[in-house]
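In: following is a predicted model, sequence given first.
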Amino acid sequence: MTDRKRYEGMIAIIDYKAGNLRSVKRALDHLGLPARITADPVEMRAAERVIFPGVGAARSAMESIANSGLAGVISEIVRRGVPFLGICLGAQIILSYSEEDDRTDCLDIIPGGALRFPEGPLKVPEMGWNNLKVCRDHPLFRSVDPRSQFYFVHSYYPQPRNDDAVVARTEYGITFPSVIGRGNVIATQFHPEKSGRCGLRFLREFCSWDGKDGTC
């Protein structure tokens, strides 16, 4: 049996030795979707879609990716057009850099940086439920009710270099990009696996998405 046949329909959850991997797996199990936590390049290359979930620090995540040789694998998967989802930290490390730890070089899949919330009246990290304001047409958000709330836990947020990579924004002291995407890549600062029915609906939509974002 070929690797492609063996992993047909499989969703690879990237194991970078940290983060909330099992909560994402449980959410996909609940939806009846086949998923596997893996750091095996063969499994990742053969999967039909890939998720990089995350909590924690950008530098340690990038060190784990580098030590396991997965940076090139992730870039290859994205180039091939495989639907790719980054969650929380996974939405930050697909950028060029993070301000965390006096600047950490990241995967540079979408040009831009992960910035820390400025000092202000609101508590950092943001922790709790918040809304999205969808600002660009995207297949995964066409059916999102504007009243829907999603769960956030973060001190940094993604800031793409180009506004056309911003899919949705959220208010928390400032207005920040909370969903970014380009082509077959979509990334959420919120945690869909912790966002109740709205989050599960999003994960289901991602797992049937063809990787096309509707742009030219």
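Out: Perfect, I can see it now.
In: tell me how many other residues surround residue 119.
Out: 8 (other Cβ atoms under 10 Å). Any C-beta I mention is one placed from the backbone N, CA and C, and that applies to glycine too.
In: and it, what pLDDT?
Out: If you check residue 119, the pLDDT there is 86.
In: just residue 6 next, same as before
Out: For residue 6, pLDDT reads 57.
In: so where's the longest strand in this structure?
Out: Counting residues, the longest strand found in the chain (DSSP state E) is strand 174-182.
In: partners of that strand, with directions?
Out: Sheet pairing for strand 174-182, assigned by DSSP bridges, gives strand 166-172 (antiparallel), strand 185-188 (antiparallel).
In: ranking those by burial, who's on top?
Out: strand 185-188 (a mean of 26; mean count of other Cβ atoms under 10 Å).
In: C-alpha coordinates for that strand, CSV please?
Out: The C-alpha trace of strand 185-188 is given here as CSV (Å, rounded to 0.1, in the frame of the first residue of the first chain):
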residue,chain,number,x,y,z
VAL,A,185,-3.0,28.7,4.1
ILE,A,186,-5.5,29.9,6.8
ALA,A,187,-4.5,30.8,10.4
THR,A,188,-6.5,31.8,13.4
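In: residue 88 and residue 56, how far apart?
Out: Residue 88 sits 9 Å away from residue 56, going by Cβ to Cβ, to the nearest Å.
In: swap in residue 27?
Out: In terms of Cβ to Cβ, residue 27 sits 19 Å off from residue 56.
In: burial count for residue 29?
Out: 12.
In: how about the residue nearest in space to the middle of the chain: which residues does it bridge to?
Out: Nearest to the mean C-alpha position of the chain, by Cα atoms, centre = their mean, lies residue 86 at 1.4 Å. Beta-bridge partners for residue 86, by DSSP bridges, are residue 52, residue 187.
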